[in-house]
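> I need the structure of the sequence given here:
(chains A and B)
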Number of protein chains: 2
Amino acid sequence: MTDTTTRKFDLPKLTGELAEVFGDRLSKAQAIRDQHGRDESAHPKAAPDLVVFAQTTEEVSKAVNICAAHQAPIIAFGAGTSLEGQVHAYQGGVCIDLSRMSNVIKVRPEDMDVTVEAGVTRLQLETYLRDTGLFFPVDPGADATLGGMAATGASGTTTLRYGAMRENVIAAKVVMADGSIVEMGGRARKSSAGYDLLHLMIGSEGTLGIITELTLRLYGRPETVASGVCAFDSISNMVDAVTLAIQSEIPLGRLELLDEIAIFAVNQHSGLENEVAPTLFLEFQGTDTSVAEDIRRFEEIASEFDGKGFQASTSPEERNRLWRARHDALNAGKAFNPGKMGLITDVCVPVSRLAECIAETRKDFEETGLIAAFVGHVGDGNFHTTIWVEPDDEAAITLAHEVIARMAQRAIKMEGTCTGEHGIGIGKIKYLEAEHPTALPVMRAIKATFDPNNILNPGKIFPE
Amino acid sequence: MTDTTTRKFDLPKLTGELAEVFGDRLSKAQAIRDQHGRDESAHPKAAPDLVVFAQTTEEVSKAVNICAAHQAPIIAFGAGTSLEGQVHAYQGGVCIDLSRMSNVIKVRPEDMDVTVEAGVTRLQLETYLRDTGLFFPVDPGADATLGGMAATGASGTTTLRYGAMRENVIAAKVVMADGSIVEMGGRARKSSAGYDLLHLMIGSEGTLGIITELTLRLYGRPETVASGVCAFDSISNMVDAVTLAIQSEIPLGRLELLDEIAIFAVNQHSGLENEVAPTLFLEFQGTDTSVAEDIRRFEEIASEFDGKGFQASTSPEERNRLWRARHDALNAGKAFNPGKMGLITDVCVPVSRLAECIAETRKDFEETGLIAAFVGHVGDGNFHTTIWVEPDDEAAITLAHEVIARMAQRAIKMEGTCTGEHGIGIGKIKYLEAEHPTALPVMRAIKATFDPNNILNPGKIFPE
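Reported below is the predicted structural model:
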């Protein structure tokens, strides 16, 4: 599946030319190359031939120019937290590490935006903004770089309320395949001037250009945040309650789902006593008054759908206690599967199909005997599974990939997508055509226009 | 400026081929052609050679195929409510009128989305949704078709709260320049599967493809809506108050500005007694409780910035009374300038520059002696002017275009855009390069890839 054809290019000459620009910020060391040849997925690792650590947009441009002259593959790298092999260098080439481009360039509280270099991470920005009363809401879990989050179209638990990267990047500086530097988007809150190149770049996974700088929307921190938890008889009832709450315009923040198996596991692992049932973890945001009212309104809706044991609180200790099961879910999964490898995938369907999609997926796991954990973002129809297998159990790995394939196909059949937030990378290539049969040729045409020699992250998104 | 080169194509043969598909839904009548050769702007009219009234996506595809074989220009037409000459047929060719594609295909309340044909208008959809408790929020004023609104990236008074078309179209069916039918986007609330073609299409003004079907996000109707009005000493104070209100996460709906000149005019015209001062018209949305609290919070903020005479109400009669000046502003402008032609333009700047941008623009009007009305969307930094000139006063028209040029240049210099919501069309072509100097070649490359023979709305967006 993975194209491992090493490209033909003159590595010593390429190295020499890059060394002139990057000096000791060019590395051929195996350990560095290995670090840059893998992300957090279980996809086969593949180290690049060289790693350069860029400090400016101009350096990225120079690196791209040099690589372009040699027709060597170029892979942009942030924190390496992607989940579909986006940074794996299956065709060798040069990894451009952007993590040292970590300056927050300008915060503009009056316009509620911030311009950062691509290597700034989510948590660095959070710390930087601490005293401004503003925050950047997109939270994919990992402490990814913001450039990487834009490049992969990341989202996470707050999408329902604040949108994904797509809705929150307003401008970007991008180095194109010919080394040119292009500014896209702008700081006006809306514009209808020309084509929307910015959104073409977001989620293009380094195959159309390298984002080196970006301007992000910020939001006022809510005065009051309450966390809540509520068990349901079935995921279907939970989804119906959530749907009615959203239709009723209750401004919900995070809306997370653990199923009864995950609750059982985390109860065992963390010594908790949550009722073993599909459980919804919520966040309410607003003023004291509005949050109190929203909690009351949600409680009424939940009880219509047989919600049980609803609790909510604004106190930090209680909030942590209520959400503890959600926070510990991943670690519980790991603890129950020591030494195992986690195969992670995600799909997203229209919310009306979520319960059915999860039920069918779970049935598939039961029938195959695979052990898997679920985490769902109920508000937007997105859910993740981690399938735990022994790293050397080829049969189980094959089985897991079959189940992952059926998940993707099932989601597409339900008018959903083979990936809500992890991207295509190397892992979802074969489903892209099923999802976008008529659009795929257009995507290919764009790729060919932007990167005629296919040097930008080759082998990703499209089959070679 | 306007390229009026008529293309060379065999019109009789083209007509014959189209007639085979469209029968009496093909028109050569001068009156029909004239109706389709102008929008609501003052740009010179230019009728297409032929008009066809399409009823299905397949018919649009056939029409495009036939035109492509003849290399005849193709212009998609909805309601003709654009404001920058988007539908004017300066190179002749075929206008494809989509207004008969007016079926609401499917409303899905549980997923809060709706699929419509491109010719459904905003108000048709509003009527259709009346009993569902849901609504589609984008409101550019005119009763435009939803396909046209998507194609021009429309927005309007509700952008602050709900976003523009860009944020509210989730999928589309598009006929490309080769007649192929491409489905873009999808019904899942988020996806990171492949390139975002959908957003490339939104705002492309018929130059990359023809949108024939689209799926839109819907929202729950707020339980309570209150309208408010508040005068300020200066626009600068008003903007500061609005900025603080947004930072404080007060969920404001519409946020409209009339300056003292507009207030004076509308007082005269409608016999109102509004204080002659920059005036903010607001909408609060939520529950009874939250709206009451938000009104109180806003009043506090307004008083910090010398807001005067703040009033708000949830009663329909009072709401109409409070907003009457805003509703009557356009008619007041027309009434004060009988027989005159209105040259309409819009720009958008970061909110922190809005007061300054309006002040400089007004100064420019004063110095040139032109009569102009302002309407502003304070929340997003977008404002419109209508310059009233005698239709045969060449000197005034030239002067007006100079002022419009300075507005565009000023907005760009302030890190804004030459058009917040009207698009480029024919009117803003010369500013696109100033705004997007590095991105323009990329936009051109996309145009060349999608439409190599430049048959889709030629002469728009790009200079020939």
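
> in chain A, which helix or strand is least confident?
strand A:371-377 (a mean of 88; mean pLDDT, DSSP states H and E).

> Which neighbouring elements make contact with that strand?
strand A:252-258, helix A:260-270, helix A:316-336, helix A:354-368, strand A:382-389 (3 or more CB pairs under 8 Å, 6 or more residues apart in numbering or on different chains; DSSP states H and E). From N, CA and C alone the C-beta is placed, and that goes for glycine too.

> could I get the ones you listed as a markdown table with mean neighbour count and mean pLDDT?
Listed next are those as a markdown table, based on neighbours: other CB atoms under 10 Å in any protein chain shown; pLDDT from 0 to 100:
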| stretch | mean neighbour count | mean pLDDT |
| --- | --- | --- |
| strand A:252-258 | 23 | 92 |
| helix A:260-270 | 19 | 91 |
| helix A:316-336 | 17 | 90 |
| helix A:354-368 | 17 | 95 |
| strand A:382-389 | 24 | 94 |
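
> Throw the ones you listed into JSON lines and include distance to chain B, thanks.
Converted to JSON lines, the helices and strands packed on strand A:371-377 look like this (distance: least, CB to the nearest CB, whole Å):
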{"stretch": "strand A:252-258", "distance to chain B": "12"}
{"stretch": "helix A:260-270", "distance to chain B": "22"}
{"stretch": "helix A:316-336", "distance to chain B": "19"}
{"stretch": "helix A:354-368", "distance to chain B": "10"}
{"stretch": "strand A:382-389", "distance to chain B": "6"}
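
> I'd like to know which of these lies nearest to residue A:342.
strand A:382-389 (4.3 Å; CB to CB).

> Give the next helix or strand downstream of that closest one.
Going down the chain from strand A:382-389, the next helix or strand is helix A:394-413, by DSSP states H and E.

> which residues touch residue A:131?
With CB atoms under 8 Å, 6 or more residues apart in numbering or on different chains as the criterion, no residue contacts residue A:131.

> where does the closest residue in space to residue A:178 that isn't next to it in sequence sit relative to residue A:464, distance-wise?
Closest residue to residue A:178 apart from its sequence neighbours, by CB to CB, 6 or more residues apart in numbering or on different chains: residue A:68 at 6.3 Å. Per CB to CB, to the nearest Å, residue A:68 is found 19 Å from residue A:464.

> Have a look at these two and say which one is more surrounded.
Neighbours were counted for residue A:68 and for residue A:464 using other CB atoms under 10 Å in any protein chain shown; residue A:68 has more, 18 against 12.

> do you know how far the closest residue to residue A:141 other than its chain neighbours is from residue B:210?
Of all residues not flanking residue A:141 in the chain, residue A:156 sits nearest, at 6.1 Å (CB to CB, 6+ apart). Distance from residue A:156 to residue B:210, counting by CB to CB: 36 Å.

> which of these two has more neighbours?
Taking other CB under 10 Å, residue A:156 and residue B:210 do not tie; residue B:210 has more neighbours (29 against 22).

> Let me see the contact set for that one.
Each residue near residue B:210 by CB under 8 Å, 6+ apart is listed here: B:60, B:64, B:74, B:76, B:96, B:98, B:118, B:151, B:174-175, B:456.

> from those residues, which single one is nearest residue A:87?
Set against residue A:87, the nearest of the contacts of residue B:210 by CB to CB is residue B:174 (32.4 Å).

> so where is chain A shaky, pLDDT-wise?
A:1-6 (pLDDT under 70).

> tell me the domain boundaries of it?
By the assignment in automatic domain parsing, chain A contains the domains A:11-99, A:104-220, A:222-332, A:337-451.

> by how many degrees do the least confident helix or strand of chain A and helix A:394-413 diverge?
30 degrees (axes from the mean of the first three to the mean of the last three CA atoms, to 10 degrees).

> Can you pull the phi/psi pair for the residue nearest to residue A:178?
Taking degrees, to the nearest 10, you get phi -60, psi -40 for the backbone angles of residue A:68.

> wouldn't it be in contact with residue A:454 here?
No - using CB atoms under 8 Å, residue A:68 is not in contact with residue A:454, being 11.1 Å away.
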